[in-house]
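**Student:** Structure of the sequence below:
(one chain, ligands or ions: 2)
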Amino acid sequence: MDLHKKYLASLKDKKNSFEHAVTEYLRMSGVYWGLCSMYLISSEDLLNKDEVVQWVLSCQHPSGGFGGSVDHDAHLLYTLSAVQILLIFDKIELVDKEKIANYVAGLQQDDGSFYGDEWGEVDTRFSYCALSCLSLLGLLDKIDVNKAVDFIVSCMNFDGGFGCIPGAESHGGQIFCCVAALAIADSLHHVRADDLCWWLCERQTAGGGLNGRPEKLPDVCYSWWNLSALVILGRIDWIDREKLRQFILNAQDETEGGIADRPGDVADVFHTFFGISGLSLLGYTEEDEEGIPGLRRIDPVYALPVQVLERMNVRVWRAV
Ligand code: FPP
Ligand code: ZN
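**Tutor:** Ligands and ions are numbered 1, 2, ... in the order given. Sure, this is the predicted structure:
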């Protein structure tokens, strides 16, 4: 825990590094991954709240959408991350919710899909971003939810999984997006849960880690993408939880902190977040025998701490 705190705190001091420069376009999501990781290990005070909130606000465009950094184009991916950061910090009242919601709604197409931004890429990731963002803002009625559901269902494959557009192969990341978006839209009855969860549990490899597609290497981030879908559908016990826990723990950097995509690789904030989130979904939320506090709980649908959603009175996911 202490090493992960040190690692997360050190990220903001690496502003002159090569990695910092080449990830500028996704900084808003990077801050969300870092802040949410900190929250799950009860150390969100590692970030300067006022400074971060001011920076988030400075990334907003007149359209209502947010860019990944100051002066970057607005995009749904970063609009969701900005809303998530403001909610974690309990500062959502600083923005005009209607304006953000109008930006999101303006990206919906006639077939129910969403463009990621004004340039017209369609992907079920953007359907999730739109539904999650509007639901968190309490403004889902700004879009045609039925059409959004129809588009997601049109991306379902013979194996029960989902791809990024109709006909595209099933992928763990898209499955999270589609299952979570259907959960938000109260439309999980469209999911062929047995087929999908069978495909998902077949993603567990001999070393315990999960991969995102058949024949791929295991990767810690699928401890979020795949596992959250299994949790939403109430089938987490279809995988070997202890082996997955060990795989995530083996991917920790034991000298500098942080978690990598797989054991032996270099840690990064993305896999640190999804590793910690995976452990939280696996239920490592209780204090251990040595008195070390457990992780805070994360919601599998909104990818936000349960405490944040409870504070907002948003329905927290409880698998049946
Ligand atoms: C894998 O990508 C992940 C996805 C395709 C899903 C991404 C989803 C979002 C960005 C929506 C917002 C998410 C949250 C948690 C709020 P990859 O390119 O790493 O896949 P690969 O393993 O095939 O390379
Ligand atoms: Zn990964």
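**Student:** residue contacts, whatever residue of the stretch 201-320 of the chain ends up closest to ligand 1?
**Tutor:** Proximity of the stretch 201-320 of the chain to ligand 1 (C-beta to the nearest ligand atom) peaks at A303, 3.8 Å away. Glycine gets a C-beta too; all of them are placed from N, C-alpha and C. If you count contacts by C-beta atoms under 8 Å, 6 or more residues apart in numbering, A303 has them with C36, Q84, A180, W224, S228, S277.
**Student:** anything in stretch 161-178 sitting right up against ligand 2?
**Tutor:** No. Under the criterion of C-beta under 5 Å from the ion, stretch 161-178 makes no contact with ligand 2; the nearest approach is 8.8 Å.
**Student:** ok, for G138, nearest residue in space, not its chain neighbours?
**Tutor:** Counting by C-beta to C-beta, 6 or more residues apart in numbering, G138 lies nearest to K97, which is 7.4 Å off, once chain neighbours are set aside.
**Student:** Same check on S223?
**Tutor:** The shortest distance from S223 to any non-neighbouring residue, by C-beta to C-beta, 6+ apart, is to G278 (2.9 Å).
**Student:** helices and strands around the one helix or strand the one you found maps to, which ones?
**Tutor:** Taking DSSP states H and E as the criterion, G278 maps to helix 269-281. When contacts are defined as 3 or more C-beta pairs under 8 Å, 6 or more residues apart in numbering; DSSP states H and E, helix 269-281 sits against helix 2-11, helix 27-40, helix 222-232, helix 241-250.
**Student:** Next secondary structure after that helix?
**Tutor:** Next element after helix 269-281 (DSSP H and E): helix 306-312.
**Student:** name the helices or strands packed onto that next one?
**Tutor:** Against helix 306-312 (3+ C-beta pairs under 8 Å, 6+ apart) you get helix 76-88.
**Student:** how many other residues sit next to the residue nearest to S223?
**Tutor:** G278 is flanked by 29 other residues according to other C-beta atoms under 10 Å.
**Student:** so it touches W225, yeah?
**Tutor:** No. Counting by C-beta atoms under 8 Å, G278 does not reach W225; the two are 9.4 Å apart.
**Student:** Residue numbers of the protein in contact with ligand 1?
**Tutor:** Neighbours of ligand 1 within the chain, by C-beta under 6 Å from any ligand atom: L77, R125, Y128, C129, G173, Q174, C177, G212, D219, W225, A303.
**Student:** Relative to E118, which of those is nearest.
**Tutor:** When the residues of the chain next to ligand 1 are ranked by distance to E118 (C-beta to C-beta), L77 comes first, at 13.6 Å.
**Student:** Read off the pLDDT value for the closest one.
**Tutor:** pLDDT, L77: 98.
**Student:** how far away is it from V22?
**Tutor:** Per C-beta to C-beta, to the nearest Å, L77 is found 17 Å from V22.
**Student:** and if you look at A9?
**Tutor:** For A9, the distance to V22 equals 21 Å [C-beta to C-beta].
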